[in-house]
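1. sharing a sequence plus its predicted fold:
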Amino acid sequence: MAFQPFDLSGKVALVTGGNGGIGLGMAQGLAAAGASIAIWGLNEAKNAAAEAALRTHGGDVLVQRVDVSDEDAVGAGIAATLSHFGRIDFCAANAGIGGGAPFAEMTTEKWRRVTTVNLDAVFWTFREVAKHMLDRAAAGDAGGSLVVTSSTSAIHGAPRNQAYAASKAAVQAM
């Protein structure tokens, strides 16, 4: 029998950017521990592959195409997750993008795209999930975790990728 460090049966985890990389790794670990999993991603092919991988763990899986740079889409994604599962116990705000340029060439549009996905979307996601967790706690079902993926660039910067480094430093402070 494989080592089971903890049992998450009956728990629901949401991972934004959960269709690849670190996000998919988190989702797979949570699913292997027994959690039901919701993942958000924009790439339909990656979403399908992630769903197939997560289903091998035997739990309930919900895959949604949610653009985290759209505040209304984040709210709708949370509502759909709650409609499907009835609860969210763990939320990993993992979706993130880069997109750099030298300062003199960095456009406001590019700056805002990166900071919206990497910072604003974390705030919107956590705010909506926290509301749900607080309502659950008021009804006697306390508990939950919010986790954000940052980067070592938050500490030492990222040449030609200032928006990325600044947004990752900001989520550490958040």
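-> Structure's in. What do you need? Residues are numbered from 1 along each chain as shown.

2. any idea of the mean pLDDT for the longest helix along the chain?
-> Of all the elements of type helix in the chain, the one with the most residues (DSSP state H) is helix 121-138. Averaged across helix 121-138, pLDDT comes to 98.

3. what are the buried residues along that helix?
-> 121-126, 128-129, 132-133, 136 (16 or more other C-beta atoms under 10 Å). Any C-beta I mention is one placed from the backbone N, CA and C, and that applies to glycine too.

4. give me the sheet partners of the helix or strand just after that helix and which way each runs.
-> Counting by DSSP states H and E, the element after helix 121-138 in chain order, helix or strand, is strand 145-148. Note on strand 145-148: by DSSP bridges, its sheet partners are strand 90-93 (parallel).

5. and stretch 118-133, C-alpha only, in PDB?
-> The C-alpha coordinates for stretch 118-133 follow below in PDB (Å, rounded to 0.1, in the frame of the first residue of the first chain):
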ATOM      1  CA  ASN A 118      -1.100  37.300 -10.900                       C
ATOM      2  CA  LEU A 119      -2.500  39.700  -8.200                       C
ATOM      3  CA  ASP A 120      -6.100  40.900  -8.700                       C
ATOM      4  CA  ALA A 121      -7.300  37.400  -9.600                       C
ATOM      5  CA  VAL A 122      -5.900  36.000  -6.400                       C
ATOM      6  CA  PHE A 123      -7.700  38.700  -4.400                       C
ATOM      7  CA  TRP A 124     -11.000  38.000  -6.200                       C
ATOM      8  CA  THR A 125     -10.700  34.300  -5.800                       C
ATOM      9  CA  PHE A 126      -9.700  34.400  -2.100                       C
ATOM     10  CA  ARG A 127     -12.400  37.000  -1.300                       C
ATOM     11  CA  GLU A 128     -15.200  34.800  -2.800                       C
ATOM     12  CA  VAL A 129     -13.900  31.600  -1.300                       C
ATOM     13  CA  ALA A 130     -13.400  33.300   2.100                       C
ATOM     14  CA  LYS A 131     -17.100  34.500   2.100                       C
ATOM     15  CA  HIS A 132     -18.100  30.900   1.600                       C
ATOM     16  CA  MET A 133     -15.800  29.600   4.300                       C
END
